[in-house]
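J.: Dropping the sequence and predicted coords here.
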Amino acid sequence: AHAFGHCLIHNAPNPYYCPSLWWWVDGKGDSCNSFGLGPAGHHERNNKYNKITTKNKKQFTIFLAGLRLLYNTVYHWLMASSHSSQCSHIQINPVQITCRYTYEVAPVFVLMEDVVLRKLRSLVGWSEGDGIFCPGGSVSNMYAMNVARYWAFPQVKTQGLWTVPRLAVFTSQESHYSMKKSAAFLGIGTENVYHVKVDESGRMIPEDLEAKIVHAKSQGAVPFFVNATAGTTVQGAFDPLDRIADISERNGIWMHVDAAWGGSVVFSKKHKHLIAGMERANSCTWNPHKMLMAGLQCSVFLMRDTTNLLMHCHCANATYLFQQDKFYDMSLDTGDKSIQCGRKVDCLKLWLMWKAIGAQGLANRVDIELKKREGFQVVSEPQFVNVCFWFIPPSLRGKENSPDYQEKLAKVAPVIKERMVKKGSMMVGYQPLDGRVNFFRMVILSPQLNHSDLDFFLDEVERLGNDL
Ligand SMILES: *Cc1c(COP(=O)(O)O)cnc(C)c1O
């Protein structure tokens, strides 16, 4: 059995002969203290396990496989559910059958989510605020757009779209396509998403943002939402957040940062400067399931708001769950902040990882150095772990000025890709972008990768493409 702080993975046979992860709460049970994320690399082995008595078993909540909840009103429901989650090794998935809409149903996870969100917010630079774990970054972005619209036009929740003017969203040309999807889903309309120009590295040009805002207003639209991207999906570009915050503040527009990909740089002393200014935003999206490699899905929507906007925007006050005359603090019933009813316990994945490898371990997943070589031409100087490059086969080297150079270069990446997949040696994506012909996008992410893997990658591209 391994112990991380106060939790213990226990292998003793339970009714389903599954290992289970035991958790207990110090004191009276409502304290968050024992959920704290502790100092970096905190691996303290817990010896309290031996002292468990029947009396303090009441304060146990058992989770992971073999769910046996001793202190919970939906005990038998969880027992029934656990039949389908039998497994022979420890994994995170079975716990996700637990709903976490109210404190009484999932006390451990409500407190755990609170602690993890608080910690993430403090890394962004917010001592207060709100947030929620969402099923993916696209959904986190959609939350942002919906909350921003509610903030600007609260009547939209009760009276619907006909009470609001035509709204305008601003995001860069290279931002994630979930902005478009959100605008479609929320009834804002994809044509009301204004795509702001980017520089050659893929960063939003603030002057063009200002121009687009003026343009939208002249067309009778009401600008309400600016999305800045911290770590664009293809080039790994970081928009200039401070400049965008100035413009958003001046225009009274909600500023969101889609840091789904790049947010994890907050763990890294070396790379944190990339998101300077993020603390000035109203909200952000961050996917620990990307760079930190938490299991899918693990995405957070974080807010600077302290007025309970998230709850007001989404609550439906179902009386069968969210009774107002409960015996405990009802602010612990966070489930109504969600647009879902039952919701997976995604915070556990990050919490457990954080406990296991510590903040330094998470930082190590971010600080990986890049490598370059002759014959490979970068599309733009890498700002992040995205390395976008063309492989120039010998037949094209030095022919940059010939009229069919671009046309020929465009065909190189698809052929190399086809060959590598059919051979089964590796897999890497390619794409054209904004007038630039097909190039490879290598994302160097796994801490298990070493120099020899990267050498293999470069050698293999050469082997597969040298005759082109
Ligand atoms: C991956 C990504 C998203 C979408 O996240 P999902 O969890 O896949 O929905 C949004 N924005 C950016 C910048 C991304 O890189």
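T.: All right, it came through fine.

J.: Show me where the stretch 251-400 of the chain has its strands.
T.: With DSSP state E, counting those that start in this stretch as the criterion, the stretch 251-400 of the chain has strands at 254-259, 283-286, 299-303, 376-378, 386-391.

J.: who does the last one touch, helix- and strand-wise?
T.: The elements that strand 386-391 packs onto, with contact taken as 3 or more Cβ pairs under 8 Å, 6 or more residues apart in numbering; DSSP states H and E, are strand 376-378, helix 405-423, strand 436-443, helix 451-465. In this view, the C-beta of every residue, glycine as well, is placed from N, C-alpha and C.

J.: could you redo the last one with a cut-off of 7 Å?
T.: Strand 386-391 is packed against strand 376-378, helix 405-423, strand 436-443, with contacts defined by 3 or more Cβ pairs under 7 Å, 6 or more residues apart in numbering; DSSP states H and E.

J.: closest to Met311 out of the strands of the stretch 251-400 of the chain?
T.: Nearest of the strands of the stretch 251-400 of the chain to Met311, taken as Cβ to Cβ: strand 299-303 at 10.9 Å.

J.: So which of the strands of the stretch 251-400 of the chain is the most surrounded?
T.: strand 283-286 (a mean of 30; mean count of other Cβ atoms under 10 Å).

J.: how about the strands of the stretch 251-400 of the chain in a markdown table, adding mean pLDDT and distance to the ligand?
T.: Converted to a markdown table, those look like this (pLDDT from 0 to 100; distance: least, Cβ to the nearest ligand atom, whole Å):
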| stretch | mean pLDDT | distance to the ligand |
| --- | --- | --- |
| strand 254-259 | 98 | 5 |
| strand 283-286 | 97 | 7 |
| strand 299-303 | 96 | 5 |
| strand 376-378 | 76 | 20 |
| strand 386-391 | 82 | 10 |
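
J.: Could you measure from the residue nearest the centre of the chain over to Ser299?
T.: Closest to where the C-alpha atoms of the chain average out (Cα atoms, centre = their mean) is Asn287, at 1.2 Å. Distance, Asn287 to Ser299, by Cβ to Cβ, to the nearest Å: 5 Å.

J.: for Lys326, same thing?
T.: Counting by Cβ to Cβ, the gap from Lys326 to Ser299 is 29 Å.

J.: What is the neighbour count of the residue of the stretch 101-250 of the chain found nearest the ligand?
T.: Distances between the stretch 101-250 of the chain and the ligand by Cβ to the nearest ligand atom are smallest at Gly137, namely 2.6 Å. By other Cβ atoms under 10 Å, 26 other residues sit near Gly137.

J.: Report the beta-bridge partner residues of Val193.
T.: Beta-bridge partners recorded for Val193 (DSSP bridges): Val169.

J.: so who does it touch?
T.: Val193 makes contacts with Val169, Thr171, Met179, Lys180, Ala183, as judged by Cβ atoms under 7 Å, 6 or more residues apart in numbering.

J.: contacting residues around Leu464?
T.: Ile416, Arg419, Met420.

J.: For the residue lying farthest from the centre of the chain, give its distance to the ligand.
T.: In the chain, the residue that sits farthest from the middle, by Cα atoms, centre = their mean, is Ser402; the gap is 44.0 Å. Note on Ser402: its distance to the ligand, by Cβ to the nearest ligand atom, to the nearest Å, is 36 Å.

J.: Below-threshold pLDDT in the stretch 301-450 of the chain: ranges please.
T.: Within the stretch 301-450 of the chain, the segments meeting pLDDT under 70 span 361, 363-375, 447.

J.: ok, what's across the strand from Ile132?
T.: For Ile132, the beta-bridge partners under DSSP bridges are Phe301.

J.: neighbours of it, just the number please.
T.: Ile132: 26 neighbours (other Cβ under 10 Å).

J.: Begin at 434 from now on, thanks
T.: Fine by me, first position is 434 from now on; the one you just mentioned is Ile565.

J.: For Leu600, see how far away it is.
T.: Separation of Ile565 from Leu600 (Cβ to Cβ): 23 Å.

J.: swap in His706?
T.: Applying Cβ to Cβ, the value for His706 to Leu600 is 33 Å.

J.: And Ala678, by the same measure?
T.: For Ala678, the distance to Leu600 - Cβ to Cβ - is 20 Å.

J.: likewise Asp762?
T.: The gap separating Asp762 from Leu600 is 36 Å, by Cβ to Cβ.

J.: Which one's more surrounded, these two?
T.: Neighbour tally, Asp762 and Leu600, criterion other Cβ under 10 Å: the higher count belongs to Leu600, 24 against 9.

J.: Would you check that that one makes contact with Lys650?
T.: No: counting by Cβ atoms under 7 Å, Leu600 sits too far from Lys650 to count as a contact (11.8 Å).

J.: Residues of the stretch 684-833 of the chain that sit close to the ligand?
T.: Asp691, Ala693, Trp694, Asn720, Ser732 (Cβ under 6 Å from any ligand atom).

J.: can you pull out the strands in the stretch 534-683 of the chain?
T.: Counting by DSSP E, counting those that start in this stretch, the strands of the stretch 534-683 of the chain are 563-567, 600-605, 626-629, 655-662.

J.: Per-residue pLDDT of Val597, please?
T.: Looking at Val597, its pLDDT is 95.

J.: wait, doesn't it sit right on Pro587?
T.: No: Val597 is not in contact with Pro587 according to Cβ under 7 Å; the separation is 10.1 Å.
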